[in-house]
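Student: give me a model of this one.
(2 chains)
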Number of protein chains: 2
Amino acid sequence: MTYAYLGPEGTFTQTALRRLLPTVPPDREPAHRPFPSVAAALEAALRGECDAAVVPLENSVRGVVPATMDQLASAKMHINAEVEVPVSFALMAAEGDVEEVTVVHSHPHALGQCEDWLRTRLPGARTRTAASTAAAAREVAEAGLPGHAAIAAAPAAGLYGLRILATGLGREAGAVTRFVSVAPRWSHPARTARERTSLLVSLGAAGPDLVPDVLNEFRTLGIALSWIQSWPTGRALGSYHLFLDVDGHIDTRPLRLAMAAVEARGLEVRFLGSYPRWSAAAG
Amino acid sequence: MTYAYLGPEGTFTQTALRRLLPTVPPDREPAHRPFPSVAAALEAALRGECDAAVVPLENSVRGVVPATMDQLASAKMHINAEVEVPVSFALMAAEGDVEEVTVVHSHPHALGQCEDWLRTRLPGARTRTAASTAAAAREVAEAGLPGHAAIAAAPAAGLYGLRILATGLGREAGAVTRFVSVAPRWSHPARTARERTSLLVSLGAAGPDLVPDVLNEFRTLGIALSWIQSWPTGRALGSYHLFLDVDGHIDTRPLRLAMAAVEARGLEVRFLGSYPRWSAAAG
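Tutor: Residues are numbered from 1 along each chain as shown, chains lettered A, B, ... in the order given. Predicted coordinates for the structure are as follows:
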C-alpha cells in the first residue's frame, strides 16, 4: 500500500496517516508519498500512482475542505476509513519574538482558524499562503528572512529547525479535523460494531426543496443521520449535491431500501463507502 | 446610510454594492467605506461605525464564505438584502506574458476557483494571498516586481494600471457569488411578490439526526426550502448550526407556526431576515 498525503513531513495530514495505520493489515507494509496539495494527492490516487490518499474533509471550526468535497463530488472515489486529529496551531520562526513578526506563512485553512489571534496579536502582519502548514514552516526555515514566521503543528518546528514563539493560536482549543482515506475502489474494510456509510445525493433541478423527502426515506427506516452537507454542483447557485453520513453498513437491508427509495424519486445516489466510525478510544 | 464593504475599489463586493443601491430609497444617499477583510467590514456594522456591511455569503463553485457564516452564526446580525454577481477572473500584471508569471496574488477564495487553470497553465507559479482580489491587483501594481501577477475582476486592471494577460480563469464560466447586506437590526425591507426568509437553527446535542424533524415542520406547512447549509458551532465535530432559506415572509402565519414548532422541540431558531429574493431581471 502506498498512501498519498499532503506533505511535506510534519503536516496534520501526516499525523492522520499515522493514526490510520493500525487499521492496515500488518502484512502490507504501507509507504507514504507527500504531495504539494490536497488535489494533487487525490489525483495520484485517482490515477493509480498511489493506492489511496489521506485528505482532510472537515474541520470543527472552518467547515469543509473545498478541494476534498470537489473531488468526492466529481470523481468516482470512495472512502475506506476516517480518523480525527486534534488541531492545535503554533507560531514558529528562525529567531525573534512574536512582536517582530511582519509576515505570517501558512495554509489558508490554518490562517482562517487563527484569524482572531492574528487580528489581536499581529494586526499589522501580512499573510502569505503556503501549500500546507509544514510547507510554510519549511519555507520560513529555508528563506531565513527576519520577521517571517509560519503557523503549523508544533512538531514541524523541530523538523525544520524553527523556534516556537506562541502556541494555541486557533480560535477553539478543542478544534478537530476529520480526515478520510480515499481510493478509486471501495476496499470492503473489516466490519465493526460502529459502521458509518457516506452517500452523495444529486438533488437535480428541484434543488434543496427535495431535501426533506430524501431525509425522510432514511428516517422512515430508522436510519440515523450524522452528517449533512450541501455542496454546489458548480453549475449555478441553488444547484447542490448533498453529502450524507448515516449510521450502519451498506450491506444492511434498511439502508439499501432507503437508497432505492431515493433513487425511485429519480435522484442519483452514489455510495461513497462504509467504514468504521472513528472513536477517540480506538486511536 | 454608510455601507462597509471588502475593499479597495474594484472588488466583486463593490460590484455587489452597486447592484444593491437601486433598492435603497433615493432620498438617502449611500456612502461606501472599504475595509481590509470581510470580518472587519462585518465588525464595523456590528459596532455601528457603518449602517450595514455588504459581504459574500456563497459561491456557486467554492461553497460558503467562512468569515460571513461565522459572523452570522455568532453575532446578532440580520440580513436585509441579497444580490448575485457573476464572478469572472482575469490574470493581470504590469508587463510581460502569462508564461513569465512566477508569483500569483489573490484572495484565497479566488485562488481556489482558479486552481485548475493555475495547475495547467502556471504549474510552477507560487501563490500569495491578499485580503481581496482588488488588494492583490493594487499590491502587484505598487510593488512592480517582474513575474508578479494578480487574479482579480477585469475592471481592477484599469483601476490600478495593470494589463490583462488572460481571462476566464475560473473553473465554471457561469460562476456566481451571492452577497448579502447585513446589519445589527432587521430593516423591514419593502415586501415584494418573491420573499425569502433566512433562519438559523441551533441543532444542540442531538446534532444532524434532528435535521429531518426540523425540515418536516416547514414541509408540513407547505413552506419551500431554497438553501440548507450546515455550519460547525466550533465546539466539536458533529455540533452544527443549520442555515435555512425558506420561501415567504416572516409575517406570514405558516412560517411563524413552523418556527414555533421547531422551538417547541427545544431548539433555538434565530430569525436572520426576510428580504426580496434576488432575480437576475431585477438587476
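Student: those residues of the stretch 1-150 of chain A touching chain B, which are they?
Tutor: A:39, A:58-64, A:66-67, A:69, A:84, A:108, A:111-112, A:115, A:119, A:127-129 (CB under 8 Å from any CB of the partner chain). Glycine gets a C-beta too; all of them are placed from N, C-alpha and C.
Student: restricted to strands, list the residues you listed.
Tutor: A:58, A:59, A:63, A:64, A:84, A:127, A:128, A:129 (DSSP state E).
Student: quick one: which two of those are the most distant?
Tutor: A:84 and A:128 (28.6 Å; CB to CB).
Student: returning to that earlier point: got a quick PyMOL command for the buried subset of the residues of the stretch 1-150 of chain A next to chain B?
Tutor: Per 16 or more other CB atoms under 10 Å in any protein chain shown, the buried members of the residues of the stretch 1-150 of chain A next to chain B correspond to this PyMOL selection:
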select buried, chain A and resi 39+58+59+60+61+62+63+64+66+67+69+84+108+111+112+115+127+128+129
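Student: give the contact list for the closest residue in space to residue A:175 that isn't next to it in sequence.
Tutor: Take residue A:175 and drop its neighbours on the chain: the residue closest to it by CB to CB, 6 or more residues apart in numbering or on different chains is residue A:87, 4.6 Å away. Contacts of residue A:87 were listed using CB atoms under 8 Å, 6 or more residues apart in numbering or on different chains, and they are A:12, A:59, A:113, A:153, A:170, A:175, A:176, A:177.
Student: make it 6 Å
Tutor: Counting by CB atoms under 6 Å, 6 or more residues apart in numbering or on different chains, residue A:87 makes contact with A:12, A:175, A:177.
Student: and for residue A:122?
Tutor: residue A:101.
Student: switch the cut-off to 10 Å
Tutor: Residues counted as contacts of residue A:122 (CB atoms under 10 Å, 6 or more residues apart in numbering or on different chains) are A:91, A:98, A:99, A:100, A:101, A:102, A:103, A:104, A:114, A:149, A:166, A:169.
Student: neighbour-wise, give me the winner out of those residues.
Tutor: When neighbours are counted by other CB atoms under 10 Å in any protein chain shown, residue A:149 leads these with 29 neighbours.
Student: bridging residues for that one?
Tutor: Counting by DSSP bridges, residue A:149 forms beta bridges with residue A:104.
Student: contact partners for it?
Tutor: By CB under 10 Å, 6+ apart, residue A:149 lies in contact with A:90-94, A:96, A:98, A:100-106, A:122, A:125, A:136-137, A:140, A:162-163, A:165-166.
Student: distance of it relative to residue B:43?
Tutor: 25 Å (CB to CB, to the nearest Å).
Student: likewise for residue A:225?
Tutor: Taking CB to CB, one finds residue A:225 at 35 Å from residue B:43.
Student: now swap in residue A:252 and tell me
Tutor: Distance from residue A:252 to residue B:43, counting by CB to CB: 49 Å.
Student: quick check: residue A:50 is in a helix.
Tutor: No - assignment of residue A:50 by DSSP: H, G, I helix; E, B strand; the rest coil gives coil, placing it outside any helix.
Student: what sits closest to it if chain neighbours are left out?
Tutor: residue A:4 (3.9 Å).
Student: show me what counts as buried in the helix or strand containing that neighbour.
Tutor: Per DSSP states H and E: residue A:4 is located in strand A:2-6. Buried residues in strand A:2-6, counted by 16+ other CB under 10 Å: A:3, A:4, A:5, A:6.
Student: quick one, helices of chain A?
Tutor: Along chain A, the stretches classed as helices by DSSP state H are A:12-20, A:38-46, A:66-74, A:108-113, A:115-121, A:133-143, A:154-160, A:211-220, A:253-264.
Student: how about residue A:39, what does it touch?
Tutor: Residue A:39 neighbours (CB under 10 Å, 6+ apart): A:6, A:53, A:55, A:66, A:67, A:68, A:70, A:71, B:112, B:115, B:116, B:119.
Student: just checking, the fourth one touches residue B:171?
Tutor: Same thing as residue A:66. No - assessed by CB atoms under 10 Å, residue A:66 is found out of contact with residue B:171, at 11.1 Å.
Student: pLDDT weak spots in the stretch 151-283 of chain A?
Tutor: For the stretch 151-283 of chain A, the stretches flagged by pLDDT under 70 are A:280-283.
Student: and the strands in it?
Tutor: A:163-167, A:176-183, A:195-202, A:225-232, A:240-247, A:268-276 (DSSP state E, counting those that start in this stretch).
Student: turn those into TSV, columns for distance to residue B:77.
Tutor: As requested, these are exported to TSV (distance: least, CB to CB, whole Å):
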stretch	distance to residue B:77
strand A:163-167	30
strand A:176-183	27
strand A:195-202	31
strand A:225-232	21
strand A:240-247	24
strand A:268-276	35
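Student: out of those strands, which is closest to residue B:272?
Tutor: So among these, strand A:225-232 is nearest, using CB to CB, at 17.0 Å.
Student: parallel or antiparallel, list what pairs with the closest one.
Tutor: Its sheet considered, strand A:225-232 pairs with strand A:240-247 (antiparallel) by DSSP bridges.
Student: and the angle from the partner strand to helix A:211-220?
Tutor: 10 degrees (axes from the mean of the first three to the mean of the last three CA atoms, to 10 degrees).
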